[in-house]
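> kindly return the folded structure for what I paste below:
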Amino acid sequence: MIQFLMNGRIHTENSLPADTTVLQYLRQNAGRCGTKEGCASGDCGACTVVLAEPQGDALNYRTVNACLTFMPAVHGKQLITVEDLKHRGELHHVQQAMVENHASQCGFCTPGFVMSLFALEKKVALENQRPVFDVEHTQQALSGNLCRCTGYRPIMAAAKDICQQPQADQFDADALNTLQKLRAMSASEEPTDIEQLAQLFCAEPDARLVAGGTDLALEVTQRFQRLPKLISLSHIDALKEITLTGQAIHIGAAAPLSQCLPVLREEFPEFGHLLERFASEQIRNQGTFGGNIANASPVGDGGPVLLALGATLLLRLGSQQRELPLDQFFLGYRKTALQPGEFIEQIRIPRATSAARQLRVYKVSKRLEDDISAVCAALHIEVQNGVVIHARIAFGGMAEVAKRASGCEAQLLGQPWQTATIERACQALERDFTPISDFRASREYRIQVAKNLLRRCHIEMTSPETLMRVTHYV
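Numbers count the residues shown, from 1 in each chain. Have a look, this model is predicted:
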């Protein structure tokens, strides 16, 4: 059973197939066609909707891609679509700002932009004591929305009006009533604690676990497969916890990336910068490190950084737990060390212990944001008295899995941190990896880029005054 709030009314669904997406439900079951289908892969943002759920005594509004979100994820939440914004015959002020700034032409992408701006205004109002328009934050909020004809200047102008002059709306007026309705909903039939999950997954090891589902849903929307047996992790709060000890950051496998971002940015600024380029805000609001790792994709951006930082995984099978270094987890393309019925419970990242140990992360892709890497490099290096005493280097997009560059590391350890050493390490990269050519990049390009990123790391660490990245000066 799935219960959720939409248009002020509690909806109960008892017979939906487990792999029904929110987009399918809205357009085919609910007759709400304002939410559009563009790419069906989370790239264009035309299907953006907003989910609201209790956060203390307030409501937390977040955007998601309806095309990649399975209906169980809306249980216990308020589902808001573009049809809900109009109130008493008047446009919502977010919609009105789009009109007044001439921010729509064909209109196909407009509902998605409106919903992203609606969530942005709620976020600004919640986090700031006074109205504020921040260009970078606004670009982050809109990075998952693609406009093909209007251009982004008038849309950014609409965003500026909205953020500088936020207005209360019908959702604010009804917030207390909404909270009461959400809290009064029936309990989910999904597992609500790790013990229940462990027992259920042991009994049904052929089921697919769904945290964010942003990759899994592609099997439905792109490959037209059916996923009849899913176990949703949406209501297991323990899997969403992030805790810091003196030694490590413990990240629950189902913690959304947007929740992980501020914690990791504080500890490892380079990791934070990567996560800001990780897909889009809609994807980060759903996607998780647990899914990113368990998918074992060769181009998953989390893998290289976590490998370079020496992360370990806490795995669970029934009542048994084991801790496994991440570099022993990936066995091959889309293959992992997980046993039937076993799942990732936590990702554990050793905390930064020395200011001298530096992390550098580079993502090479055709677009700055919301794109898949051709090559992703993570280099964790410490130099003392001119000699390399620590080197963990990992790449994505260079092999069938995210992988450490063991030969490159060996050429660096114990050697002077100088150009000659770097060049020997560059040559070792050719022996560490045999990348393939595909539509993102050729084999030769990937090898050359990997070498150049190592050279860039050396320049950045030895000449920090040199601006090496376009985002530093544009």
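> what residues are up against the most centrally placed residue in the chain?
In the chain, the residue lying closest to the centroid (CA atoms, centre = their mean) is residue 284, at 2.8 Å. When contacts are counted by CB atoms under 8 Å, 6 or more residues apart in numbering, residue 284 is found next to 256, 257, 258, 261, 275, 278. Just so you know, the C-beta spots here come from the backbone N, C-alpha and C atoms, and that holds for glycine as well.
> at 6 Å what do you get?
Shown here is residue 284, whose contacts under the criterion CB atoms under 6 Å, 6 or more residues apart in numbering are 257, 258.
> what does the one 4 residues further on give?
Counting by CB under 6 Å, 6+ apart, residue 288 touches 211, 212, 254.
> how does this structure divide up, domain by domain?
Listed domain ranges for the chain are 2-183, 194-350, 359-472 (source: automatic domain parsing).
> got the ones you listed as TSV, with mean pLDDT columns?
Converted to TSV, the domains of the chain look like this (pLDDT from 0 to 100):
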stretch	mean pLDDT
domain 2-183	94
domain 194-350	96
domain 359-472	95
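> what are the ranges of the strands in the stretch 1-150 of the chain?
Secondary structure of the stretch 1-150 of the chain by DSSP state E, counting those that start in this stretch: the strands cover 2-6, 9-13, 48-55, 58-65, 78-80.
> ugh, wrong one, I meant the stretch 251-400 of the chain
Under DSSP E, counting those that start in this stretch, the stretch 251-400 of the chain gives strands at 312-317, 320-325, 330-332, 335-336, 342-350, 357-364, 375-384, 387-396.
> which among the ones you listed is found nearest to residue 467?
strand 357-364 (14.6 Å; CB to CB).
> please compute how far that closest one lies from its chain's middle.
Taking CA atoms, centre = their mean, to the nearest Å, one finds strand 357-364 lying 18 Å from the centre of the chain it belongs to.
> ok, now how distant is residue 76 from residue 211?
16 Å (CB to CB, to the nearest Å).
> more neighbours: which of these two?
In terms of neighbours (other CB atoms under 10 Å), residue 211 is the more surrounded of residue 76 and residue 211; the figures are 28 against 21.
> name the nearest residue to residue 49, sequence neighbours excluded.
residue 66 (4.8 Å; CB to CB, 6 or more residues apart in numbering).
> then residue 185?
What sits nearest to residue 185 in space, not counting adjacent residues and going by CB to CB, 6+ apart, is residue 3, at 4.6 Å.
> run through the bridge partners of that neighbour.
On the basis of DSSP bridges, residue 3 takes part in beta bridges with residue 12.
> surely it is in contact with residue 12?
Yes - applying CB atoms under 6 Å, one finds residue 3 in contact with residue 12, separated by 5.1 Å.
> neighbour-wise, which of these two wins?
A count of neighbours by other CB under 10 Å puts residue 3 above the other of residue 3 and residue 12, at 20 against 10.
> which residues does that one contact?
Residue 3 is in contact with 12, 185, 186, counting by CB under 6 Å, 6+ apart.
> what's the span of stretch 322-342, first residue to last?
Length of stretch 322-342, first residue to last, CA to CA, to the nearest Å: 10 Å.
> what does that stretch rub up against?
Under CB under 6 Å, 6+ apart, the answer for stretch 322-342 is 201-202, 205, 296, 306-307, 311-315, 317, 400-401, 404.
> hmm, residue 214 is touching residue 286, no?
Yes - counting by CB under 6 Å, residue 214 touches residue 286, with 5.2 Å between them.
> how close does residue 43 sit to residue 313?
29 Å.
> re the thing from before, which of the strands of the stretch 1-150 of the chain sits closest to residue 269?
Smallest distance to residue 269 across the strands of the stretch 1-150 of the chain (CB to CB): 23.9 Å, for strand 58-65.
> who are the packing partners of that closest one?
strand 48-55, helix 110-127, helix 281-284 (3 or more CB pairs under 6 Å, 6 or more residues apart in numbering; DSSP states H and E).
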